[in-house]
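Enquirer: The sequence and its predicted three-dimensional model are supplied below.
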Amino acid sequence: MSLLGQLPLRLTAEQAGWVLNCQAHDIPALISARLLKPLGNPAQNGAKHFATADVLETAKDRSWLVKVTNTISQHWQKQNSKKCRPVNGLQNGHSSFLELPARPKE
């Protein structure tokens, strides 16, 4: 990632994740929590870039790193709990058995 012995001035979400030791898919949660601010005003579904100097400076702050860690953990707990909710016809996460009509005798 370094060119000429230094990091690029702008980082993509993937690169920012690498610097922060998290995944690129964690970055939107950090943006939503206002722990990371992308450069400019990118579209909600557009590519986001981050100032390398800002990412490196904030990463030195232990309390900020704790907030990042907690935010990512809470985000994925919330996402995973959505997947475990019962759906119509399901109770307690288990499907009920469906009785099929008897097969006609030939």
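Expert: In hand now; what should we look at? On a predicted model such as this, the values are computed, not experimentally measured, just so you know.
Enquirer: can you pull out the strands in the protein?
Expert: Taking DSSP state E, the strands of the chain run over residues 10-12, 49-51, 90-91, 94-95.
Enquirer: List the contacts of the most centrally placed residue in the chain.
Expert: In the chain, the C-alpha nearest the mean C-alpha coordinate belongs to residue 26, at 2.8 Å (Cα atoms, centre = their mean). For residue 26, the residues meeting the contact criterion (Cβ atoms under 8 Å, 6 or more residues apart in numbering) are 17, 72, 75. For glycine as for every other residue, the C-beta is placed from the backbone atoms N, C-alpha and C.
Enquirer: where does the protein have low pLDDT?
Expert: Applying pLDDT under 70 to the chain flags residues 1-4, 85-106.
Enquirer: quick one on the thing from earlier: separation between the residue nearest to the centre of the chain and residue 73?
Expert: According to Cβ to Cβ, to the nearest Å, residue 26 and residue 73 sit 10 Å apart.
Enquirer: quick one: residue 77 and residue 71, what's the gap?
Expert: For residue 77, the distance to residue 71 - Cβ to Cβ - is 11 Å.
Enquirer: When those two are compared, which one has more neighbours?
Expert: Between residue 77 and residue 71, counted using other Cβ atoms under 10 Å, the more crowded position is residue 71 (18 against 10).
Enquirer: How about stretch 7-23, which residues are buried there?
Expert: Within stretch 7-23, the residues scored as buried using 16 or more other Cβ atoms under 10 Å are 11, 12, 13, 15, 16, 17, 19, 20, 22.
Enquirer: I misspoke; the intended subject was stretch 26-37.
Expert: For stretch 26-37, the neighbour count (16+ other Cβ under 10 Å) marks 26, 27, 29, 30, 31, 35, 36 as buried.
Enquirer: Could you dump those residues into TSV and include distance to residue 61?
Expert: Output for these, formatted as TSV (distance: Cβ to Cβ, whole Å):
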residue	distance to residue 61
26	18
27	18
29	18
30	14
31	18
35	11
36	13
